[in-house]
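> Sequence and computational prediction follow.
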Amino acid sequence: MSKQFDVIVIGAGPGGYIAAIRAAQLGFNVACIDEWKNEKGGPAPGGTCTNVGCIPSKALLQSSEHFEHARLHFADHGISTGEVGIDVAKMIGRKDAIVKQNNDGILYLFKKNKVTFFHGRGSFVKAADGGYEIRVAGKEEETLTAKQVVVATGSNARALPGVPFDEVNVLSNDGALRLGNVPAKMALIGAGVIGLEMGSVWRRLGTDVTVLEGMDKFLPVVDEQIAKEAKKAFDKQGLKIETGVKVGEVKVNDQGVSVAYTNAKGEAQTLAVDKLIVSIGRTANTIGLNAEAVGLALDERGAIIVDDDCKTNLPGVWAVGDVVRGPMLAHKAEEEGVAVAERIAGQHGHVNFATLPWVIYTSPEIAWVGRTEQQLKADGVKYKAGTFPFLANGRARALGDTTGMVKFLADAETDEILGVHMVGPMVSELIAEAVVAMEFKASSEDIARICHAHPSLSESTKEAALAVDKRTLNF
Ligand SMILES: NC(=O)c1ccc[n+]([C@@H]2O[C@H](COP(=O)([O-])OP(=O)(O)OC[C@H]3O[C@@H](n4cnc5c(N)ncnc54)[C@H](O)[C@@H]3O)[C@@H](O)[C@H]2O)c1
């Protein structure tokens with residue numbers, strides 16, 4: 001006998017578990033299926049974000065930043081420590097405990113919201129009436145039915161052709177978070193978000209890190225002025241970043257990994273390292289979903305094809321998050337999950353792609369919302385720009401972290417904010433003000449006229465807004 005629900009969600013990552021909770025809040029009888037296992041074989045809901053992405057990487061970024069501060073910056077405060085050591089096993093154990101708290105938190109939320117959780121792989125099977133059912137293959141097999149299905153199966157790390165991840169020498173985001181000691185030398189292929197975040201963790205802990213990037217330009221999606229400022233800071237820290245490279249043969253041997261590549265000048269190079277992290281993007285995960293059996297349409301990259309409302313080609317089947325088009329960001333997946341649950345309830349859920357914030361959690365952090373100066377030029381939009389450096393911010397000086405700036409871009413005629421770009425301390429938090437401002441179509445003058453607490457980093461946001469009209473007060 002199949003079990004009947006109103007809504008079945010396949011995948012309990014940020015897109016799926018949020019969709020399940022929102023649908024339950026709206027009065028539906030909801031099932032959520034997820035196959036991720038913890039080391040004991042138990043359920044580990046939360047997807048890539050919770051298990052091997054956003055959350056564990058932030059835990060290691062925090063630990064490694066403390067280590068770097070203790071080693072290099074405590075003395076400035078008059079604090080002496082003696083020799084600073086790192087216990088990698090303990091650091092990884094702390095990270096694992098944080099992951100578990102998040103896994104357990106999601107299971108608790110399912111209980112609280114009366115979402116029925118199934119631990120196993122969810123897949124489509126053709127039903128006798130020509131429709132579809134959902135099979136759960138876990139410890140036991142179950143068949144579920146519902147009028148509405150939300151697919152939120154996420155993404156997998158993309159491997160270099162012919163170089164599979166072994167998670168010992170050639171690592172994805174997963175293995176990069178589970179190293180047992182600090183490698184002497186490491187290479188990363190791809191200077192994107194994962195490359196820079198993971199490269200930062202292991203460099204801070206003492207690894208000699210080289211990041212090899214195929215594009216000529218560093219962080220081409222980031223506003224050029226901000227990317228240049230970030231690159232200067234990374235160079236100073238000793239994070240070696242080579243752009244314009246062409247990666248050749250990658251060989252795993254007894255010593256580790258050797259990476260042959262051609263540098264930007266066209267010179268042949270070989271890099272011998274202990275560990276290689278490949279961070280060249282991710283691909284939609286539809287493995288085992290059995291999409292073809294029910295005619296669920298995928299694009300040429302394997303992502304589920306959806307319209308603006310996240311509807312697939314099958315009636316009553318929706319898809320959200322990394323498994324569909326758009327940026328692979330946890331918060332984009334969450335927004336889509338909420339919007340789909342609300343649409344199922346006949347409401348008008350919406351996702352505003354124009355105000356999705358982006359954050360790279362390096363030090364300095366990089367964050368932005370809206371269009372870059374280069375995009376505005378390409379779009380032929382007349383704009384005004386204002387910047388304010390953290391060097392002129394009292395709180396940043398007290399923190400001892402004055403790298404970077406806040407940059408505002410506003411329409412030349414209407415003054416509407418078109419983009420806000422930041423590099424510096426805690427800009428992952430500061431960007432929220434810019435997102436709110438843009439969502440409410442604020443002008444730079446609106447921000448300039450709002451009282452910001454003193455002393456705080458957020459005064460830099462106000463000052464950058466003032467800078468749009470060339471009237472900064474502290475610079
Ligand atoms: N802080 C965050 O929001 C966060 C953190 C981690 C991951 N993510 C998301 O996860 C996804 C995957 O991250 P990622 O860093 O792997 O991808 P990415 O798209 O951010 O970066 C991949 C980089 O690899 C380069 N590249 C691709 N093929 C290459 C090759 N053969 N040789 C050299 N360079 C090559 C690309 O030019 C690009 O710069 C992204 O969509 C990212 O947004 C987000």
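Here it is on my side, so go on.

> For this structure, which residue gets nearest to the ligand?
Nearest residue of the chain to the ligand (CB to the nearest ligand atom) works out as Gly192 at 1.7 Å. All C-beta atoms are positioned from the backbone trio N, CA, C, and that covers glycine.

> need the contact list for the residue nearest to that residue when sequence neighbours are not counted.
Take Gly192 and drop its neighbours on the chain: the residue closest to it by CB to CB, 6 or more residues apart in numbering is Ser279, 6.0 Å away. Residues near Ser279 by CB atoms under 8 Å, 6 or more residues apart in numbering: 157, 172-173, 176, 188-190, 192-195, 198.

> Which member of those is positioned nearest Glu429?
The closest of the contacts of Ser279 to Glu429 turns out to be Val193 (CB to CB; 17.6 Å).

> wait, doesn't the closest one sit right on Ile360?
Yes: if you go by CB atoms under 8 Å, Val193 and Ile360 touch, sitting 5.3 Å apart.

> wait, is Gly386 part of a helix?
No: counting by DSSP: H, G, I helix; E, B strand; the rest coil, Gly386 is not part of a helix but strand.

> burial measure for the nearest residue to Pro183 once chain neighbours are set aside, as a count.
With sequence-adjacent residues excluded and distances taken as CB to CB, 6+ apart, Pro183 is closest to Asp274, at 3.9 Å. If you count neighbours by other CB atoms under 10 Å, Asp274 ends up with 18.

> show me the contacts for Asp274.
Counting by CB under 8 Å, 6+ apart, Asp274 touches 169, 183-186, 255-257.

> Now Gly130: which helix or strand?
For Gly130, there is no host helix or strand (DSSP states H and E).

> Tell me how many other residues crowd it.
7.

> The one 3 residues further on too?
Around Glu133 sit 19 other residues, with neighbours defined as other CB under 10 Å.

> cool, and Ala20?
The number of residues packed near Ala20 is 33, by other CB under 10 Å.

> Wait, it touches Lys114, no?
No: Ala20 is beyond contact range of Lys114, at 10.3 Å (criterion: CB under 8 Å).

> most residues in a single strand of this protein, which one?
Criterion DSSP state E: the longest strand present in the chain is strand 116-126.

> contacts for that strand?
5, 8, 10-12, 29-35, 37, 42-43, 45, 107, 110, 132-139, 142-144, 288-291, 293-294, 296.

> Now the phi/psi pair for Lys251, please.
Per-residue torsions, Lys251: phi -120, psi 130 (degrees, to the nearest 10).

> which residues touch it?
Shown in contact with Lys251 (CB under 8 Å, 6+ apart): 257-258, 260.

> are any of these buried, and which?
Buried by 16 or more other CB atoms under 10 Å: 257-258, out of the contacts of Lys251.

> got a markdown table for the contacts of Lys251, with secondary structure too?
Shown next, in a markdown table, are the contacts of Lys251 (three-state DSSP):
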| residue | secondary structure |
| --- | --- |
| Val257 | strand |
| Ser258 | strand |
| Ala260 | strand |
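
> Kindly reformat the contacts of Lys251 as JSON lines and extend each row with pLDDT and distance to Glu249.
Below are these laid out as JSON lines (pLDDT from 0 to 100; distance: CB to CB, whole Å):
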{"residue": "Val257", "pLDDT": "98", "distance to Glu249": "11"}
{"residue": "Ser258", "pLDDT": "98", "distance to Glu249": "8"}
{"residue": "Ala260", "pLDDT": "98", "distance to Glu249": "5"}
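
> Quick check: residues of the stretch 301-450 of the chain near the ligand?
327-329, 359-361 (CB under 6 Å from any ligand atom).

> Can you give me the end-to-end span of stretch 206-222?
End-to-end distance for stretch 206-222: 28 Å, by CA to CA, to the nearest Å.
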